[in-house]
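> Here is my input, please return the structure:
(2 chains)
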Amino acid sequence: MNESTLYRKLVDLYAGSELPAELEEEMEAAGFRDKELSHDMTTLRQTVEMLRTSPRPAMTEESMQRILMKLYSRGVDIQPKAPEPMHLQYHLPIAG
Amino acid sequence: MPNKESEDGLIEKRWLSALAKGDSAALGGLFELYGERVFRYTLRMLGNRSDAEDATAETFLRVLRRSGELRADGAFRTWLFRIARNLCIDRMRQHKLIELPTDAQYGGTEERTTLRITVHQALSELPMEYREPLMLCDLEDMPAREAAEVLGITVPALKSRLYRGRRALRDKLGGSMIR
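Coordinates of the predicted model:
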């Protein structure tokens, strides 16, 4: 297997940033010598970055309330809440 | 200092133990922890807010019904997403829903919104076997092992679908991708 064929097989890993930094640098250097490889690397990585940085749809307050109402209507008593902070879980003697 | 992941793991463990002991308030804690992620996932799968709200509520209802079987061994999140996925698939079969969110609310500039619409339009045109790994791994940032478990496939199969999906998406995006 020649160098170019090897790098072509690694493009998917490169795109997902799954390669060690040293190998990634080697591939980028190879990209300067091989335009087709470079195009494959760049466009595929852009695709992955685009997905990873894509804005996430938010659960609006209205949606949350509707979900809770659906649960209440099915007999579930649900109160979304964060866990009690550690310092409130134990009663400490009041000093002074 | 514990990172967010391990902190969430501890919180999850506490709520699951409480739920197994019959503490119904624990469901609220689990909803606080995972409600938004489950909603986002179902919204991406089903394409509309109303169906996503139904699927999210049903997912947590099933958690409560099966609380006796729950184990705080780290597999809960995978199990939760599997329930959500199965519910979405059932609903899609019923309504033949295949589109991605059209009524989702996003923040960001107009340019980002346009890009998002382009990406999501292209995503919605991909076959389900490519779309799901992209949604779980790239959009939801789920580790490959966990995503493979949610989809009921091996990690190599997941990676193969993920890589093919990225290529298919890249080809669909074509010129709109080059900045």
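> Domain parsing of chain B, as residue ranges.
Following automatic domain parsing, one gets these domains for chain B: B:1-103, B:106-179.
> Need the ones you listed in JSON lines (columns: mean neighbour count).
Where you see a C-beta, it was placed from the backbone N, CA and C, and this is true even at glycine. What follows is these, written out as JSON lines (neighbours: other Cβ atoms under 10 Å in any protein chain shown):
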{"stretch": "domain B:1-103", "mean neighbour count": "18"}
{"stretch": "domain B:106-179", "mean neighbour count": "17"}
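> could I get those domains as TSV with distance to A:E36 and mean pLDDT?
Conversion of the domains of chain B to TSV gives the following (distance: least, Cβ to Cβ, whole Å; pLDDT from 0 to 100):
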stretch	distance to A:E36	mean pLDDT
domain B:1-103	32	82
domain B:106-179	14	85
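> Put together JSON lines for those domains, with distance to A:E3 on each row.
Shown next, in JSON lines, are the domains of chain B (distance: least, Cβ to Cβ, whole Å):
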{"stretch": "domain B:1-103", "distance to A:E3": "38"}
{"stretch": "domain B:106-179", "distance to A:E3": "21"}
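> wait, which of those domains is closest to A:Q46?
Ranking the domains of chain B by proximity to A:Q46 (Cβ to Cβ) places domain B:106-179 first, at 5.4 Å.
> Can you find the helix or strand in chain A with the smallest mean pLDDT?
Using mean pLDDT, DSSP states H and E, helix A:86-89 stands out as the lowest-scoring helix or strand of chain A, at a mean of 53.
> From B:L10, how far off is B:R145?
Applying Cβ to Cβ, to the nearest Å, the value for B:R145 to B:L10 is 20 Å.
> typo on my end, it should be A:S73
Counting by Cβ to Cβ, the gap from A:S73 to B:L10 is 32 Å.
> Equivalent analysis for A:Q79, please.
In terms of Cβ to Cβ, A:Q79 sits 21 Å off from B:L10.
> One more: A:R66?
A:R66 is 30 Å from B:L10, by Cβ to Cβ.
> What of B:A52?
Distance from B:A52 to B:L10, by Cβ to Cβ: 28 Å.
> next one: B:A84
In terms of Cβ to Cβ, B:A84 sits 23 Å off from B:L10.
> Give the closest residue to the residue nearest to the spatial centre of chain B in space, chain neighbours not counted.
Nearest to the geometric centre of chain B sits B:Y41, at 3.2 Å (Cα atoms, centre = their mean). Using Cβ to Cβ, 6 or more residues apart in numbering or on different chains and skipping residues adjacent in sequence, the residue nearest B:Y41 is B:A84, 5.8 Å away.
> Where does the one you found fall, secondary structure wise?
helix B:76-95 (DSSP states H and E).
> C-alpha coordinates for that helix, CSV please?
What follows is helix B:76-95 as a C-alpha-only set of coordinates in CSV (Å, rounded to 0.1, in the frame of the first residue of the first chain):
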residue,chain,number,x,y,z
PHE,B,76,-29.5,4.3,32.3
ARG,B,77,-28.9,7.0,29.7
THR,B,78,-28.5,4.4,27.0
TRP,B,79,-31.7,2.7,28.1
LEU,B,80,-33.5,6.1,28.2
PHE,B,81,-32.5,7.0,24.7
ARG,B,82,-33.5,3.5,23.5
ILE,B,83,-36.9,4.0,24.9
ALA,B,84,-37.2,7.4,23.2
ARG,B,85,-35.9,6.0,19.9
ASN,B,86,-38.4,3.1,19.9
LEU,B,87,-41.2,5.5,20.7
CYS,B,88,-40.1,7.8,17.8
ILE,B,89,-39.9,4.8,15.4
ASP,B,90,-43.4,3.7,16.4
ARG,B,91,-44.7,7.2,15.8
MET,B,92,-42.9,7.5,12.5
ARG,B,93,-44.4,4.3,11.3
GLN,B,94,-47.9,5.5,12.3
HIS,B,95,-47.5,8.9,10.7
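> residues in contact with that helix?
If you take Cβ atoms under 8 Å, 6 or more residues apart in numbering or on different chains as the criterion, helix B:76-95 is touched by B:12, B:16, B:34, B:38, B:41-42, B:45-46, B:51, B:54-56, B:58-59, B:62-63, B:70, B:97-98, B:132, B:136, B:142, B:146, B:149-152.
> I appreciate the help and will end here.
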